[in-house]
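Chemist: need coordinates for the below:
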Amino acid sequence: MDEWGRDPAVQAMRRLFKGMEALLEEILERLAISPYDRRIRGWLEKALAKFEQSWSVAHQMGISMNEEKAPAVYAHCLERVMGAEGVEIPAGTLPEQ
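Modeler: Just a heads-up that it's a prediction; the model follows:
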């Protein structure tokens, strides 16, 4: 019995992270970047830190970070990190915020 997995909050977080992973795969595919590219781990770590900051600021401002918004915000954090490291992100690659 997976009592933890039945918790609605846990289920929501799992869906949120699944959405983030799906967007990552989509972005890498659109940019023709191999999922085995060594740069990805560093990008993900930096993007996660930016995402956590964004989540905190949104919470302080009373903005709900739900399953639809959070992956898009994460994608934009990832775009900023990748862009800072010289990866060109064409318009239309990322979801609208």
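Chemist: the residue nearest the centre of the chain and Asp7, how far apart?
Modeler: With distances taken as C-alpha atoms, centre = their mean, the residue of the chain nearest its centroid is Tyr74 (2.9 Å). Distance, Tyr74 to Asp7, by C-beta to C-beta, to the nearest Å: 22 Å. The C-beta positions use only the backbone N, C-alpha and C, and glycine is treated the same way.
Chemist: and Gly83, by the same measure?
Modeler: Counting by C-beta to C-beta, the gap from Gly83 to Asp7 is 37 Å.
Chemist: what of Cys77?
Modeler: 27 Å.
Chemist: out of the two, which sits in the busier spot?
Modeler: Cys77 (21 against 12; other C-beta atoms under 10 Å).
Chemist: so where does that one fall, helix or strand?
Modeler: Element membership of Cys77 [criterion: DSSP states H and E] is helix 69-84.
Chemist: which elements pack onto the helix or strand Gln11 falls within?
Modeler: Using DSSP H and E, Gln11 sits in helix 8-30. Contacting helix 8-30 under the criterion 3 or more C-beta pairs under 8 Å, 6 or more residues apart in numbering; DSSP states H and E are the following elements: helix 3-6, helix 69-84.
Chemist: most packed of those?
Modeler: Stretch with highest mean neighbour count among the helices and strands packed on helix 8-30: helix 69-84 (a mean of 19; mean count of other C-beta atoms under 10 Å).
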